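S.K.: next one to model:
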Amino acid sequence: MAADEPVILIVEDEPAIVELLRFTLKESGWNTVAAGTAAEAREFMQNRMPQLILLDWMLPDQTGLQFLSAIRSDRQFNELPIIMLTAKSMEEDKIAGLDRGADDYVTKPFSPRELTARVKALLRRKAPEHAQSLLTIGDVSLDPGSCVVCVNDQKIDIGHAEFKLLKFFMSYPDRVFSRSQLLDKVWGDHVAIEERTVDVHVLRLRKALKDAESLIKTVRSVGYMLSVK
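M.R.: The predicted structure follows:
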């Protein structure tokens, strides 16, 4: 494997699962590298940027959530595609993973075909052509590169999930999206969380936007939209 070839980083400490993931991904044409601990994964990432990370919830040296938070706090890795792999299936755990910055969530035991479909879907959503320059609507500006959001030229604090939601809204102003469409477009069509979770993130987004919260509008019986009108 050449040093410049795309690679998927598997962060998992169970050898049997690592082998299953390696075999599944290889069958679909992806190169893989495995790390059994968060420390090994970070060491690899310092030398080479993976195309995507499959991250186990429980690792020997720290939790997957802690590792995820550390990655998302580093600007270099903020937009890196990450799928959580875990035996935890409670909705609260899924929401926790997505809130920390996971792009998708796969519950063990998983179907190899389903995993492959999710990896392909996520890589499509994260394709380079989706990267955007500075977005500005009304008093709100969003910089995808630095992940900074400003209202009236003042930087605001905003969660990762709310940032992704705002970026999507600002990419399609004056267009109404249903809750199911937002789950599909923002978090991925395979994320098994309830549609009411979208309401929670919209509420958080409005709170973060403060004086500009009126940009996010509720369209009764349909969904949400961003509009200056």
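
S.K.: do a quick rundown of the helices in the chain.
M.R.: In the chain, helices defined by DSSP state H lie at 15-27, 38-47, 64-72, 91-99, 112-125, 160-171, 179-182, 196-209, listed in chain order.

S.K.: how far off centre is the last one?
M.R.: Put plainly, it is helix 196-209. Chain-centre distance of helix 196-209: 16 Å, with Cα atoms, centre = their mean, to the nearest Å.

S.K.: okay if I get the helices of the chain as CSV plus mean neighbour count?
M.R.: Placement of C-beta: from N, CA and C, glycine included. Shown next, in CSV, are those (neighbours: other Cβ atoms under 10 Å):
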stretch, mean neighbour count
helix 15-27, 15
helix 38-47, 16
helix 64-72, 19
helix 91-99, 18
helix 112-125, 15
helix 160-171, 21
helix 179-182, 17
helix 196-209, 17
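
S.K.: mind putting those into JSON lines with distance to residue 151 and mean pLDDT?
M.R.: Formatted as JSON lines, the helices of the chain follow (distance: least, Cβ to Cβ, whole Å; pLDDT from 0 to 100):
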{"stretch": "helix 15-27", "distance to residue 151": "42", "mean pLDDT": "93"}
{"stretch": "helix 38-47", "distance to residue 151": "33", "mean pLDDT": "93"}
{"stretch": "helix 64-72", "distance to residue 151": "22", "mean pLDDT": "91"}
{"stretch": "helix 91-99", "distance to residue 151": "21", "mean pLDDT": "77"}
{"stretch": "helix 112-125", "distance to residue 151": "26", "mean pLDDT": "86"}
{"stretch": "helix 160-171", "distance to residue 151": "11", "mean pLDDT": "89"}
{"stretch": "helix 179-182", "distance to residue 151": "22", "mean pLDDT": "87"}
{"stretch": "helix 196-209", "distance to residue 151": "6", "mean pLDDT": "92"}
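
S.K.: minimum distance to residue 142: which of the ones you listed has it?
M.R.: With Cβ to Cβ, the closest approach to residue 142 among the helices of the chain belongs to helix 160-171: 5.7 Å.

S.K.: so which elements touch the closest one?
M.R.: Applying 3 or more Cβ pairs under 8 Å, 6 or more residues apart in numbering; DSSP states H and E, we find helix 160-171 packed against helix 91-99, strand 135-137, strand 140-143, helix 196-209, strand 223-226.

S.K.: mind doing that once more with 7 Å?
M.R.: Under the contact criterion of 3 or more Cβ pairs under 7 Å, 6 or more residues apart in numbering; DSSP states H and E, helix 160-171 touches strand 135-137, strand 140-143, helix 196-209.

S.K.: can you redo these as a markdown table with distance to residue 6?
M.R.: Formatted as a markdown table, the helices and strands packed on helix 160-171 follow (distance: least, Cβ to Cβ, whole Å):
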| stretch | distance to residue 6 |
| --- | --- |
| strand 135-137 | 27 |
| strand 140-143 | 26 |
| helix 196-209 | 30 |
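
S.K.: could I get the helices of the chain in CSV, plus columns for distance to residue 215?
M.R.: Formatted as CSV, these follow (distance: least, Cβ to Cβ, whole Å):
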stretch, distance to residue 215
helix 15-27, 40
helix 38-47, 36
helix 64-72, 24
helix 91-99, 22
helix 112-125, 23
helix 160-171, 8
helix 179-182, 16
helix 196-209, 7
